[in-house]
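In: Okay, here's the prediction I keep looking at, along with the sequence it came from:
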Amino acid sequence: MAARGARIEHLVTSGTFSLDGGTWEVENNVWLVGDDEAVLVIDAAHDAAAIERAVAGRIVVAVVCTHAHDDHVNAAPELADRTGAPVLLHPDDLPLWRMTHPDRLPDRYLADGDVLSIAGTDLTVVHTPGHAPGAVCLHAPALGVVFTGDTLFRGGPGATGRSYSDRPTIIDSIAKRLLTLPPDTTVHTGHGDSTTVGAEAPHLADWVAQDD
């Protein structure tokens, strides 16, 4: 089915990521999917005002969090307040969410297989734990893309050296839930450059070997 005008927009915001007593400077990808009337915001990172400017007066149907590390959710409540949009998160990431927003819960919870629709395009929620327990990806077949947050990057899996993460779990998620997508699927990541499923799939054996 044609996407009926849905398009992908991208901005980069800067700030910090803090966990387990450490803090690092980071740049995050923020993705907008929609048309001239309405958009879905994926990962409201660092700067609600900048994201609102990119929204440019359109309806925000939801602020979707791929996971709850602070650099991916720190601007979500403010953006929701500015736009009236609900914040969506997988419930397995509530412990991480509460570290950043102890007094404000997400508005709705995501589940594997949920479908979010925007501008005639469906995005399917794919639960991909490992980097975080409630990490999700959003697959939009009509656009030929998957938004992977910090689960899969250009060059390998997301980091698993901190609390609430597990490397064998993320490898399993990538192998079973992401690398099974069409090879020409574009992978839009939470940080850095995009890639494709076909570019990353040949390296799976190397990632598994690193666990041995």
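Out: On my side now, so go ahead. Numbering: from 1, shown residues only.

In: show me where the protein has helices.
Out: Shown for the chain, the helices assigned by DSSP state H span residues 48-55, 70-73, 76-83, 94-100, 167-173, 197-200, 204-209.

In: Buried deepest among those helices, which one?
Out: Neighbour counts (mean count of other C-beta atoms under 10 Å) averaged over each of the helices of the chain peak at helix 70-73, with a mean of 25. C-beta coordinates here come from the backbone N, C-alpha and C atoms, glycine included.

In: ok now the helix or strand bottoming out on mean pLDDT in the chain, how far from the chain's centre?
Out: Lowest by mean pLDDT, DSSP states H and E among the helices and strands of the chain is helix 204-209, with a mean of 92. Taking C-alpha atoms, centre = their mean, to the nearest Å, the mean C-alpha location of helix 204-209 is offset from the chain mean by 23 Å.

In: could you say what helices and strands that helix packs with?
Out: Under the contact criterion of 3 or more C-beta pairs under 8 Å, 6 or more residues apart in numbering; DSSP states H and E, helix 204-209 touches helix 167-173.

In: Determine the set of other helices and strands touching the helix it packs on.
Out: Using 3+ C-beta pairs under 8 Å, 6+ apart, the elements in contact with helix 167-173 are strand 156-157, helix 204-209.

In: quick one: strands adjacent to the shortest one?
Out: Right, strand 156-157. Paired strands of strand 156-157, with direction, are strand 152-153 (antiparallel) (DSSP bridges).

In: quick one: average confidence on the partner strand?
Out: Strand 152-153 shows a mean pLDDT of 98.

In: Stretch 60-78 too?
Out: For stretch 60-78, the mean pLDDT works out to 98.

In: same question, stretch 19-32
Out: For stretch 19-32, the mean per-residue pLDDT is 98.

In: neighbouring contacts of stretch 110-121?
Out: By C-beta atoms under 8 Å, 6 or more residues apart in numbering, the list of residues contacting stretch 110-121 from outside reads 1-7, 33-35, 37-40, 61-62, 64, 88-91, 122-127, 134, 136, 138, 140, 142-143.

In: Now do that stretch: distance from first to last residue.
Out: With C-alpha to C-alpha, to the nearest Å as the measure, the ends of stretch 110-121 fall 18 Å from one another.

In: Run a quick neighbour tally on the closest residue to residue 16 other than its chain neighbours.
Out: Residue nearest to residue 16 in three dimensions, not counting chain neighbours: residue 23, with 5.2 Å by C-beta to C-beta, 6 or more residues apart in numbering. For residue 23, the neighbour count with other C-beta atoms under 10 Å is 10.

In: and residue 23, what are its bridge partners?
Out: According to DSSP bridges, beta-bridge pairing links residue 23 with residue 18.

In: Could you list the low-pLDDT ranges of this protein?
Out: Scanning the chain with the threshold set as pLDDT under 70 gives 1-4, 211-212.
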